[in-house]
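Colleague: with the input below, show me the fold.
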Amino acid sequence: MNGNRYLIVTADDFGIGPATSLGILDLAVQGLVTGTVLLVNSPYAEQGVRAWIQAGRPVELGWHPALTLDRPVLSAERVRSLVDEQGRFWPLSAFLRRICLGRVKAAEVEAELRAQYQRFLDLVGAPPAVVNTHHHVQIFPPVGPIVVELLARQRPLPYVRRIRESWRTLYRVGGARVKRLALSVLGRRMVHRQTAAGLPGNDTLIGVTDPPCVADEEFLSRWLAHVPGRVVELTCHPGYLDTTLLGRDATPQDGQMRRRVHELERLRRGDFHAACLRAGFVRLAPSRLCSTTRRERGHAA
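Modeller: Presented below is the predicted three-dimensional model:
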């Protein structure tokens, strides 16, 4: 087995808005992101897929299951526990409260996720090579087990994000530590389920943060300098300024739109590439990582 370290750079939220998708595609053409995931229930999903095809499919396009943004693929009548009076998904905070109170019906979650998976197949024409959930909701039951069961039947198996940060980066990299700790503790339970199902994924995850943190020019290089693990995933949310996100995923005050612009700028900086080299990383697309690790296991056997 060789000594390479592998870095998956996943741009979340492809298709959420035209300017966001364009920013991701521009980074992909430059080889700065190695995968992205599509919000199939976004009103801009089909437009995003067309742009991806027209750009020559420069990056692997995966699936971003969503239960906390926009409207469901199914009619509101079929998923009443998941939507508000206007037929829109509950925002994350309300969704989590409803899960804790037992008001989210597992059968409706399963039906909607199956419909979104089929929508991905219809739009892209192939199964997703990489999957992670919007707002990391896979760490909460019943969502996670349903996602794992659905994806475990796919061939070839997709790369699925493991929401698990190392204690080292929690200690050495500042910003949003309470959120990161909570996600990592809850995510470790799902890691065991994903591993048992044979779904390939990362050893550790980096990049989870709050909007103000990405204004720091050393944001990405600091993560890369301190993260352990042989297979690391960097989650990012780059894009150009996208006013279609207002009222959907951002407000003028919360910094989410500017955060995407900052992340795009950080990925374009030369010191990002230099930091990857210093940390010994080879950047790979998720499907190439899966085939590489399978090959290495075969040689080791």
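Colleague: span of stretch 211-225 from start to end?
Modeller: Terminal residues of stretch 211-225 are spaced 21 Å apart (Cα to Cα, to the nearest Å).
Colleague: just the C-alphas of the top strand by length along the chain, formatted as CSV.
Modeller: Counting residues, the longest strand found in the chain (DSSP state E) is strand 5-14. Once non-C-alpha atoms are left out, strand 5-14 reads as follows in CSV (Å, rounded to 0.1, in the frame of the first residue of the first chain):
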residue,chain,number,x,y,z
ARG,A,5,-2.9,10.8,1.5
TYR,A,6,-6.2,11.5,-0.4
LEU,A,7,-8.3,14.6,-0.3
ILE,A,8,-11.8,14.7,-1.5
VAL,A,9,-12.9,18.4,-2.1
THR,A,10,-16.7,18.4,-2.2
ALA,A,11,-18.6,21.5,-3.1
ASP,A,12,-22.1,21.2,-1.6
ASP,A,13,-25.3,22.7,-2.8
PHE,A,14,-24.9,22.4,-6.6
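Colleague: and the residue lying closest to Leu22 once chain neighbours are set aside, what element?
Modeller: Setting aside the residues directly before and after it, Leu22 is nearest to Tyr240 in space (Cβ to Cβ, 6 or more residues apart in numbering), at 5.9 Å. In short, each C-beta sits where N, CA and C put it, glycine included. For Tyr240, there is no enclosing helix or strand under DSSP states H and E.
Colleague: and the helices in the stretch 201-301 of the chain?
Modeller: 219-226, 256-268, 270-278, 286-300 (DSSP state H, counting those that start in this stretch).
Colleague: now tell me which of these the model trusts least on average.
Modeller: Mean pLDDT is lowest for helix 286-300 among the helices of the stretch 201-301 of the chain, at a mean of 64.
Colleague: before we move on, back to that, what sits against the residue nearest to Leu22?
Modeller: Each residue near Tyr240 by Cβ atoms under 8 Å, 6 or more residues apart in numbering is listed here: Ala19, Thr20, Leu22, Gly23, Arg260, Val261, Leu264.
Colleague: change it to 6 Å
Modeller: Ala19, Leu22, Gly23 (Cβ atoms under 6 Å, 6 or more residues apart in numbering).
Colleague: ok, it to Leu267 distance?
Modeller: 13 Å (Cβ to Cβ, to the nearest Å).
Colleague: same question, Arg288
Modeller: Note on Arg288: its distance to Leu267, by Cβ to Cβ, is 19 Å.
Colleague: mind checking pLDDT for the nearest residue to Asn132 once chain neighbours are set aside?
Modeller: Excluding the flanking residues, the one nearest Asn132 by Cβ to Cβ, 6+ apart is Arg161, at 3.6 Å. Note for Arg161: predicted pLDDT of 98.
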